[in-house]
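Engineer: got a sequence here, can you model it:
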Amino acid sequence: MQRIIKNNQLVDETWHLLPKDASFDELTNCDDYIVPLQLWRDHAHALKARDGGLGVWLDSDEEAEEIGDDVAHFQVIALNFPAFTDGRNYSNARLLRDRYQFKGELRAIGDILRDQLFYLARCGFDAFAIRADKDPVDALEGLKDFSVTYQAAADEPLPLFRRR
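Structural biologist: Numbers count the residues shown, from 1 in each chain. Below you'll find the predicted structure:
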């Protein structure tokens, strides 16, 4: 079972992350699923009627605006980083937290490395699925890389000079 970082601690993964080519017919009624955006678009009404938990994931070329009006239906929104050099989902995270007021779990998935965790948390992520070849215990320490921040962000809305 995969372990993820959630709320600054390691926990066992309980959600099923469906691949892009997943079919609605594969889903059971009670399990917790994070579905790709296209599956949400095609079957939103049926997905909302299920008993299990519902989440959606966006790839880096998909926009937060596409689910902005629907965020209340999701317990988890996962944003995929296909390569650690692709930072487009940092912006989607900020939009989901600030503009769309998403209060649920915002999870980073894909090519996630220890060095990114602190900055991902600043943008509003509170859960991280670290690459399988990396140590999640070591990655957890990445959240403690810096003790003070100057700028306002999703995790600290006041800049340093306003916190004094």
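Engineer: now do the strands in this structure.
Structural biologist: Assigned by DSSP state E, the strands in the chain fall at 3-6, 9-12, 16-17, 33-36, 54-58, 76-81, 105-110, 127-128.
Engineer: which neighbouring elements make contact with the second one?
Structural biologist: Meaning strand 9-12. Counting by 3 or more C-beta pairs under 8 Å, 6 or more residues apart in numbering; DSSP states H and E, the packing neighbours recorded for strand 9-12 are strand 3-6, helix 136-140. In short, each C-beta sits where N, CA and C put it, glycine included.
Engineer: what's the closest of the ones you listed to residue 70?
Structural biologist: strand 3-6 (22.4 Å; C-beta to C-beta).
Engineer: please tell me how far residue 87 sits from residue 103.
Structural biologist: 24 Å (C-beta to C-beta, to the nearest Å).
Engineer: looking at those two, which is more packed in?
Structural biologist: Relative neighbour count places residue 87 above the other of residue 87 and residue 103, with 14 against 10, counting by other C-beta atoms under 10 Å.
Engineer: that one: what's it in contact with?
Structural biologist: residue 81 (C-beta atoms under 8 Å, 6 or more residues apart in numbering).
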